[in-house]
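Novice: Following is a predicted model, sequence given first.
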Amino acid sequence: MTATLPTTGPNEALTEPAGSGAKSKAHETLEDYTLRFAPRSYRRWGVWTVAISALGGIAYLADFAIGASIGISHGTGNALIGIAIFAAVIMLTGLPIAYYSARYNIDLDLVTRGSGFGYYGSVVTNIIFATFTFIFFALEGSIMAQGLELGLHIPLWIGYLLSSLLIIPLVVYGMKVLSTLQVWTTPLWLVLMVAPFGYLLWRHPESVSAFFAYGGTDKDGHPAHVGVSFAGSMLAAGVCLSLIAQIAEQVDYLRFMPPKTPENSRKWWSAVLLAGPGWVVFGAIKQVVGLFLAVYLIVSLGRSVKDAGQPIQQFLAIYQNMMPSWLAWLALPLAVVLVVISQIKINVTNAYSGSLAWTNSFTRVTKHYPGRLLFVMLNVGIALVFMEANMFEFLNNILSFYANCGIAWIVTVASDIAINKYLLKISPKVPEFRRGMLYDFCPVGFGSMIIAAGVSILAYFGLLGSAVQPYSPLVAAALALVLPPVIALATGGRHYLRREHDGIDLPMFDEHGNPSGDLLYCHVTEMEFERPDMIASALPGPDGEVRYISSLALSCDKKGHHVLPADPPSA
């Protein structure tokens with residue numbers, strides 16, 4: 001049977017006698033395997049359903065705003081080079097992470113734990129990721145509120161509130177509802193998004209030459225004629241690279257991929273590549289289109305920089321151009337519909353993924369599992385505060401600063417997987433996430449990320465000199481790439497695993513290398529869980545027999561009675 005959570009919570013179950021209420025009455029759909037391996041019994045979707053669901057989460061209009069913002073600030077040439085740099089970094093770092101999540105059915109927090117961060121070390125990356133989700137929730141919510149103000153004359157502050165409250169009931173039921181929502185809304189979203197760009201290329205081909213000639217606009221609205229430079233390109237790339245943590249949202253879906261077999265290998269790989277690192281292809285295209293539309297508004301229509309940077313104004317202007325006079329009334333409803341659909345598609349993912357991140361951190365630190373719904377409310381609440389503070393006006397500054405932390409985390413994890421696991425073979429190849437198997441902190445990933453983020457933030461604020469300041473994202477990426485193998489070699493890889501064996505003799509994987517679907521009984525929750533989610537308990541049974549405990553119940557063991565001892569130090 002599929003494992004579920006105790007209504008009383010694993011904390012109480014740890015001290016209750018068997019049969020006294022430890023069995024679950026909570027519906028796992030509400031929790032969606034927070035903190036845990038996603039079991040085979042739950043993963044009933046086909047590879048393309050999972051992939052389309054994952055790609056549905058990148059329907060956000062923030063890319064249009066980002067593309068417009070960097071182009072207006074740095075000119076088309078620098079923006080295009082920055083976007084290309086951004087895409088290359090995302091592809092290289094996203095591939096190993098997406099593969100590990102889909103292959104081993106764990107989210108990025110669990111991947112991070114076993115990729116040089118340790119059991120508690122990845123808490124800080126959860127906070128980085130949660131920050132990503134509420135920043136972009138606020139950004140998308142702001143765009144929707146702008147649409148509601150323009151289309152329905154709803155005051156911005158009320159629009160912010162509506163765009164937040166609308167998401168909560170949709171995100172409560174996790175993957176089952178999200179997959180349906182993403183699949184069914186994607187065709188309409190594609191038509192509404194692609195049509196304006198195609199129309200401009202067809203009816204206004206002169207807009208292409210204007211786009212490539214555009215050199216930016218100064219704060220007074222005058223042409224800036226910014227030349228192409230490496231510094232300008234890196235400043236543009238830094239803003240775009242704030243999206244690097246999007247891979248964590250992609251793998252929140254990819255962890256539900258079905259087992260990879262010889263029969264489905266080709267389409268499994270295609271789906272993982274497309275929905276994992278491949279998201280950046282769509283993201284980069286949207287940024288270019290966002291800049292293209294902004295330039296058209298500024299150069300051809302004489303619109304203000306402020307209007308040109310708002311997706312609702314971009315699409316409204318093009319729809320008005322597209323429509324014959326007798327259908328002019330339809331332009332505004334179409335623009336509003338596009339904004340609302342886009343905001344819903346991405347913000348259900350932001351709220352969902354953010355709730356997972358907060359729950360993971362809170363449970364690990366406090367040993368108490370309050371349920372994911374509480375953190376859905378928290379994440380949406382923080383985003384609402386950002387919206388009411390008018391974060392849209394400070395978009396470039398917020399994203400440029402955040403990029404340093406996101407790059408340091410993601411590149412560190414990718415470096416440990418690609419270099420330490422596969423090239424140097426010094427990091428355990430199979431990702432480990434269970435308490436007791438890992439050290440609390442591992443200097444390889446945790447240390448690398450702290451150093452990379454810290455130094456790049458110093459560079460961002462100019463404390464390493466004005467010559468280095470534009471290159472803070474490059475500083476973060478370079479340090480995060482190099483430090484994991486350096487520290488792993490210096491420490492001999494001794495700080496990855498606290499134990500080599502989990503006390504269970506059953507194989508962890510099937511004949512195709514997929515996580516096993518064999519069930520084991522958890523003596524704490526009195527439920528059955530699949531083999532990869534289990535570990536032997538340090539407390540034997542009444543006759544000295546080995547008993548098993550689920551990773552979730554073990555994470556809530558406040559006194560650590562069930563945690564296996566560490567292996568003795570080698571001679």
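Specialist: Yep, that arrived.

Novice: which intervals of this protein have sub-threshold pLDDT?
Specialist: The model of the chain has pLDDT under 70 over residues 1-35, 57, 172-185, 219-222, 371, 391-392, 395-396, 570-571.

Novice: Would you map the strands across it?
Specialist: 519-522, 527-530, 534-536, 548-550 (DSSP state E).

Novice: For E393, see how far away the closest residue to T261 other than its chain neighbours is.
Specialist: By the measure of CB to CB, 6 or more residues apart in numbering, the closest residue to T261 outside its immediate chain neighbours is H512, 5.3 Å from it. All C-beta spots, glycine's among them, are computed from the backbone N, C-alpha and C. To E393, H512 is 52 Å away according to CB to CB, to the nearest Å.

Novice: swap in V281?
Specialist: Distance of V281 to E393, given as CB to CB: 30 Å.

Novice: list the buried ones in stretch 538-558?
Specialist: Neighbour counts using 16 or more other CB atoms under 10 Å place A538, R547, Y548, I549, S550, S551, L552, A553, L554, S555, C556, D557 of stretch 538-558 among the buried residues.

Novice: Surely the fourth one touches P540?
Specialist: Right, I549. No: taking contacts as CB atoms under 8 Å, I549 lies outside contact range of P540: 11.8 Å.

Novice: Give me the common contacts of those two.
Specialist: Counting by CB atoms under 8 Å, 6 or more residues apart in numbering, I549 and P540 have no common neighbour.

Novice: follow-up on the earlier one: which one of the strands of the chain is the most hemmed in?
Specialist: strand 548-550 (a mean of 28; mean count of other CB atoms under 10 Å).

Novice: Show me what that strand packs onto, helices and strands only.
Specialist: In this structure, strand 548-550 makes packing contacts with strand 519-522, strand 534-536, judged by 3 or more CB pairs under 8 Å, 6 or more residues apart in numbering; DSSP states H and E.

Novice: and the gap between the spatially closest residue to L243 that is not a sequence neighbour and M437?
Specialist: Excluding its sequence neighbours, the residue lying closest to L243 (CB to CB, 6+ apart) is G283, at 6.4 Å. Computed as CB to CB, the G283 to M437 distance reads 35 Å.

Novice: wait, isn't the residue nearest to L243 in contact with A62?
Specialist: No: using CB under 8 Å, G283 makes no contact with A62, being 9.3 Å away.

Novice: And these two? Which one has more around it.
Specialist: Taking neighbours as other CB atoms under 10 Å, G283 and A62 compare with A62 leading, 28 against 23.

Novice: Run a quick neighbour tally on the closest residue in space to the more buried one that isn't next to it in sequence.
Specialist: Excluding its sequence neighbours, the residue lying closest to A62 (CB to CB, 6+ apart) is L139, at 4.8 Å. Residues lying near L139 (other CB under 10 Å) number 26.

Novice: Next: the one 4 residues further on.
Specialist: Per other CB under 10 Å, the neighbour tally for I143 reads 26.

Novice: Spatially nearest residue to it (excluding sequence neighbours)?
Specialist: Once flanking residues are discounted, I143 sits nearest to L61: 5.1 Å by CB to CB, 6+ apart.

Novice: pretty sure the one you found is in contact with V339, am I right?
Specialist: Yes: contact status for L61 versus V339: in contact at 6.5 Å, counting by CB under 8 Å.

Novice: before we move on, the earlier item: for the residue nearest to I143, give me its contacts.
Specialist: Taking CB under 8 Å, 6+ apart, one finds E140, I143, P311, L338, V339, S342, Q343 in contact with L61.

Novice: among those residues, which are in helices?
Specialist: E140, I143, P311, L338, V339, S342, Q343 (DSSP state H).

Novice: Turn those into a markdown table, columns for distance to A403.
Specialist: Compiled in a markdown table, the ones in helices among the contacts of L61 are given as follows (distance: CB to CB, whole Å):
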| residue | distance to A403 |
| --- | --- |
| E140 | 18 |
| I143 | 20 |
| P311 | 21 |
| L338 | 27 |
| V339 | 25 |
| S342 | 22 |
| Q343 | 23 |
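
Novice: Which pair of these spans the longest distance?
Specialist: E140 and L338 (12.4 Å; CB to CB).

Novice: Compare the two (neighbour count), which wins?
Specialist: Higher neighbour count among E140 and L338: E140, with 28 against 25, using other CB under 10 Å.

Novice: wait, what's in contact with the more buried one?
Specialist: Applying CB under 8 Å, 6+ apart, we find E140 in contact with Y60, L61, A62, S163, S342, Q343, I346, N347, N350.

Novice: try it again with 6 Å
Specialist: Neighbouring residues of E140 by CB atoms under 6 Å, 6 or more residues apart in numbering: Y60, A62, Q343, I346, N347.

Novice: Using ChimeraX, define a selection of the buried residues within the residues you listed.
Specialist: Here is the ChimeraX command that selects the buried residues among the contacts of E140 (16+ other CB under 10 Å):
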select :60,62,343,346,347
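
Novice: What's the local residue count around K267?
Specialist: What K267 shows, counting by other CB under 10 Å, is a neighbour count of 14.

Novice: and it, what is it in contact with?
Specialist: V47.

Novice: measure it to I52 for me?
Specialist: Applying CB to CB, the value for K267 to I52 is 13 Å.

Novice: swap in S142?
Specialist: Counting by CB to CB, the gap from S142 to I52 is 27 Å.

Novice: Give me the more crowded residue out of those two.
Specialist: S142 (27 against 19).

Novice: Surely L192 touches L338?
Specialist: Yes: using CB atoms under 6 Å, L192 is in contact with L338, at 4.2 Å.

Novice: OK, contacts around M322?
Specialist: M322 touches Y199, counting by CB under 6 Å, 6+ apart.

Novice: Over to the one 3 residues further on?
Specialist: By CB under 6 Å, 6+ apart, the contact list for S325 is empty.

Novice: before we move on, back to that, please name whichever of the helices and strands packed on strand 548-550 is nearest to P470.
Specialist: For the helices and strands packed on strand 548-550, proximity to P470 was assessed by CB to CB; strand 534-536 is nearest, at 47.7 Å.

Novice: and the residue nearest to F446 when sequence neighbours are not counted, what does it touch?
Specialist: Nearest residue to F446 in three dimensions, chain neighbours excluded: G121, at 3.8 Å (CB to CB, 6+ apart). G121 is in contact with F441, C442, F446, counting by CB under 6 Å, 6+ apart.

Novice: Please apply the same query to G159.
Specialist: A145, L148, E149.

Novice: Looking at those residues, spot the one nearest G67.
Specialist: For the contacts of G159, the nearest to G67 is A145 (20.3 Å; CB to CB).

Novice: Go ahead and confirm the closest one touches L156.
Specialist: Yes: A145 is within contact range of L156, at 5.1 Å (criterion: CB under 6 Å).

Novice: Could you check which of those two is surrounded by more residues?
Specialist: When neighbours are counted by other CB under 10 Å, A145 comes out ahead of the other of A145 and L156, with 27 against 16.

Novice: A195: how many residues sit nearby?
Specialist: 16.

Novice: Tell me how far it lies from V288.
Specialist: Relative to V288, A195 is positioned 16 Å away (CB to CB).

Novice: hmm, who's touching stretch 70-83?
Specialist: By CB under 6 Å, 6+ apart, stretch 70-83 touches 212, 214-217, 226, 228, 232-233, 236-237, 239-240, 284, 287, 291, 305.

Novice: Just these: which are in helices?
Specialist: Short answer: the contacts of stretch 70-83 in helices (DSSP H) are F212, G232, S233, A236, A237, V239, C240, A284, Q287, L291, V305.

Novice: Taking those together, which two end up most distant?
Specialist: A284 and V305 (22.5 Å).

Novice: who has more neighbours, those two?
Specialist: A284 (22 against 19).

Novice: From Y42, how far off is the residue nearest to T261?
Specialist: Distance check for H512 against Y42: by CB to CB, it reads 19 Å.
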